[in-house]
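1. Mind folding the following:
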Amino acid sequence: MKTIQIFQKKIKPILLLLMFSPLATVAQTAYQLTQSGSSSVKVTGTSNVHDWSMTSKQFESTGTFNFNSLGEMTAVTALKFTLAIKSLKSGKSAMDERTYKTLNATEFPKISYRLNFATVTIVQANRYSIQTTGILTIAGKTQSFSMKVMALVNADGSISCHGSENLMLTDYGIEPPSFMLGAMKVGNNLVIHFEFDYAKVSSAK
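-> Down below sits the predicted model:
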């Protein structure tokens, strides 16, 4: 009994110190994607003829980022993203229409993503590496999707993110399309490149 009392006396100050430590204070902050000129999603791929790309600047995203009292990002606890397939443009209408048909954009008009969990690592002051795992849905098919995101917390509290990740069309039940009566055949591997700018959600007055 005496040993337990001594232990309690020693451990109590340590617990109090941890509870009131500046690093223990966590603030959850809601963010939403801004439609800034730098925010974009770009899909690049290959074919037997030439490389190609499609770009969109029309998408929506919200997220919740955690910060300690020192202003350091400690976690990303929620994030959702949606993109209208027909907002992806290549600059060539024939390729665009063929892509929309391949992705069955009439029945499944949006690509969506939902974060499951993320690990935040400080790279240097205000810069972070975020390893994420979430659920990506394309053409009605859902798969686990992992990617590395680089984030910068700006002086005004906004967050700039960028990164890229590979995916295979066949993982989503999509047959790589062909064009020009089969003369051009698209490769199965695509690369998703993104640049996102998030701003704090204004509190309702």
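2. ok, the closest residue to Lys101 other than its chain neighbours to Ser90 distance?
-> Using C-beta to C-beta, 6 or more residues apart in numbering and skipping residues adjacent in sequence, the residue nearest Lys101 is Pro177, 7.9 Å away. Placement of C-beta: from N, CA and C, glycine included. Noted for Pro177: a distance of 12 Å to Ser90, by C-beta to C-beta, to the nearest Å.
3. again, but for Ala84
-> To Ser90, Ala84 is 15 Å away according to C-beta to C-beta.
4. Keeping just the C-alphas, turn stretch 134-150 into CSV.
-> Coordinates of each C-alpha in stretch 134-150 appear next as CSV, following Å, rounded to 0.1, in the frame of the first residue of the first chain:
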residue,chain,number,x,y,z
GLY,A,134,-8.2,7.0,-48.0
ILE,A,135,-10.9,5.7,-50.3
LEU,A,136,-11.0,6.8,-54.0
THR,A,137,-14.0,6.2,-56.1
ILE,A,138,-13.8,6.3,-59.9
ALA,A,139,-16.6,5.1,-62.3
GLY,A,140,-18.5,3.6,-59.4
LYS,A,141,-15.5,1.5,-58.3
THR,A,142,-13.9,2.1,-54.8
GLN,A,143,-10.4,1.3,-53.9
SER,A,144,-8.0,2.1,-51.0
PHE,A,145,-5.6,4.9,-52.2
SER,A,146,-2.4,6.0,-50.5
MET,A,147,-0.4,9.1,-51.3
LYS,A,148,2.2,11.4,-49.9
VAL,A,149,1.2,15.1,-49.6
MET,A,150,3.6,18.0,-49.0
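5. ok now do Lys57, which residues does it touch?
-> 35, 39-41, 87 (C-beta atoms under 8 Å, 6 or more residues apart in numbering).
6. from these, which single one is nearest Ser158?
-> Set against Ser158, the nearest of the contacts of Lys57 by C-beta to C-beta is Ser39 (11.2 Å).
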